[in-house]
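Q: no sequence on hand, only this structure:
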């Protein structure tokens, strides 16, 4: 399946092809922890280094067999106290209980694995006293051969960037598109209350006409229709929004392709009461129409000026 095939797959079809349980295994140092983080971002219930005999119990505990739509991801490795031989039996047991399961096997070349252990100054978890890292890796390969042969997906991470690993796993195991997986937080703020440090994108809309100077709108906010119309219907605002939306159209796919799980967009005016609120709301609506998962908030709206006097907002 190509990365573009998900465009033509319905939400129901995506959900049907996603297994109830994913078992992540493979060579030590091949990226199992990074893979687990990807599944966490996809909303899976994740447990690291779980003995195979406990997979069914955990699946039942989190309600996978109750039709709640929850998925489980676990990692299993040779440190599971000799219980690795039970993995295939555990998978068959899951299927006997009408739960689907897939095995993801991660591997890398000996050279890459040795370099990773050297760079991290870590000892191979299976290395015996006096044994080299290379010897431990070879022994692990032999022990994992049967599991590798049963894997549903084998990924070589030797030359695979973390973003590429994320993309492969999300394409195969998410019931959402990459675009839907990225949470977009749009929020307004007031510069006079401090600039946000968490923003990935920030736009200053203080150049737009200010409703503050109309006494009737001074105590209102950008959530009020009169203020919103005043801001959004102005020709200068329309020209700005056209350019702003084109910019979003250009950069948003790049963030999606990067596999960014959270994108924060901050929109600021003087006090965070009028213009930034109206523009943030318009931005959120635009992104929702592009099928992004959007959360909208207004950081400084609780500080809104509700009196007829005060500083411009």
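A: Yep, it's here. Keep in mind that this is a model prediction, so the values were computed, not measured.
Q: identify the residues contacting the residue nearest to the spatial centre of the chain.
A: In the chain, the centroid-proximal residue (C-alpha atoms, centre = their mean) is residue 261; its distance is 2.9 Å. By C-beta atoms under 8 Å, 6 or more residues apart in numbering, the residues touching residue 261 are 41, 181-183. Where you see a C-beta, it was placed from the backbone N, CA and C, and this is true even at glycine.
Q: just the buried members of the residues you listed?
A: Buried members of the contacts of residue 261, scored by 16 or more other C-beta atoms under 10 Å, are 41, 181-182.
Q: which helix in this structure has the most residues?
A: Using DSSP state H, we find that the single longest helix of the chain is helix 235-258.
Q: buried set for it?
A: So, applying 16+ other C-beta under 10 Å, buried residues of helix 235-258: 237, 240-241, 244, 248, 252, 255-256.
Q: give the next helix or strand downstream of it.
A: strand 262-269 (DSSP states H and E).
Q: what packs against that following strand?
A: Secondary-structure packing of strand 262-269 (3 or more C-beta pairs under 8 Å, 6 or more residues apart in numbering; DSSP states H and E): strand 183-190, strand 201-204, helix 275-289.
Q: now the helices for the stretch 1-150 of the chain?
A: Ranges of helices in the stretch 1-150 of the chain, per DSSP state H, counting those that start in this stretch, are 11-17, 32-41, 55-61, 87-96, 110-120, 133-150.
Q: in CSV, list those helices along with mean pLDDT.
A: Below are the helices of the stretch 1-150 of the chain laid out as CSV (pLDDT from 0 to 100):
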stretch, mean pLDDT
helix 11-17, 53
helix 32-41, 91
helix 55-61, 89
helix 87-96, 89
helix 110-120, 90
helix 133-150, 90
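Q: now distance to residue 278 too, for those, in CSV please.
A: Listed next are those as CSV, based on distance: least, C-beta to C-beta, whole Å:
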stretch, distance to residue 278
helix 11-17, 32
helix 32-41, 32
helix 55-61, 47
helix 87-96, 52
helix 110-120, 50
helix 133-150, 57
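Q: I'd like to know which of those helices is closest to residue 199.
A: helix 32-41 (20.3 Å; C-beta to C-beta).
Q: can you list contacts of that closest one?
A: 22, 24-26, 46, 48, 73, 75, 77, 104, 106, 162, 165-166, 169-170, 173, 181, 261.
Q: looking at the residues you listed, which are in strands?
A: For the contacts of helix 32-41, membership in strands holds for 22, 24-26, 46, 73, 75, 104, 106, with DSSP state E as the criterion.
Q: check what pLDDT the closest residue to residue 100 other than its chain neighbours gets.
A: Sequence neighbours aside, residue 19 is the residue nearest to residue 100 in space, at 4.2 Å (criterion: C-beta to C-beta, 6 or more residues apart in numbering). The pLDDT attached to residue 19 in the predicted structure is 90.
Q: surely residue 19 and residue 101 touch.
A: Yes. The pair formed by residue 19 and residue 101 meets the contact definition of C-beta atoms under 8 Å, at 5.7 Å.
Q: what about these two, which has more around it?
A: Of the pair residue 19 and residue 101, residue 101 is the one with more neighbours under other C-beta atoms under 10 Å, namely 21 against 18.
Q: surely the more buried one and residue 24 touch.
A: No. Using C-beta under 8 Å as the test, residue 101 is too far from residue 24 to be in contact (11.6 Å).
Q: joint contacts of these two?
A: Joint contacts of residue 101 and residue 24 (C-beta under 8 Å, 6+ apart) do not exist.
Q: in the stretch 201-313 of the chain, what spans have low per-residue confidence?
A: Residues of the stretch 201-313 of the chain meeting the criterion pLDDT under 70: 305-313.
Q: are we agreed that residue 155 is in a helix?
A: No. Judged by DSSP: H, G, I helix; E, B strand; the rest coil, residue 155 forms no part of a helix; its state is strand.
Q: OK, contacts around the residue nearest to it when sequence neighbours are not counted?
A: Once flanking residues are discounted, residue 155 sits nearest to residue 106: 5.4 Å by C-beta to C-beta, 6+ apart. Under the criterion of C-beta under 8 Å, 6+ apart, the neighbours of residue 106 are 24-27, 30-32, 35, 154-155, 157.
Q: quick one: which of these is nearest residue 127?
A: Of the contacts of residue 106, the one sitting nearest to residue 127 (C-beta to C-beta) turns out to be residue 27, at 13.4 Å.
Q: for the closest one, phi and psi?
A: Torsion angles at residue 27 (phi, psi; degrees, to the nearest 10) stand at phi -70, psi 140.
Q: burial count for it?
A: 25.
Q: I'd like the distance between it and residue 75.
A: Counting by C-beta to C-beta, to the nearest Å, the gap from residue 27 to residue 75 is 12 Å.
Q: what do you get for residue 26?
A: From residue 26 across to residue 75, the span is 9 Å (C-beta to C-beta).
Q: noted, bye for now.
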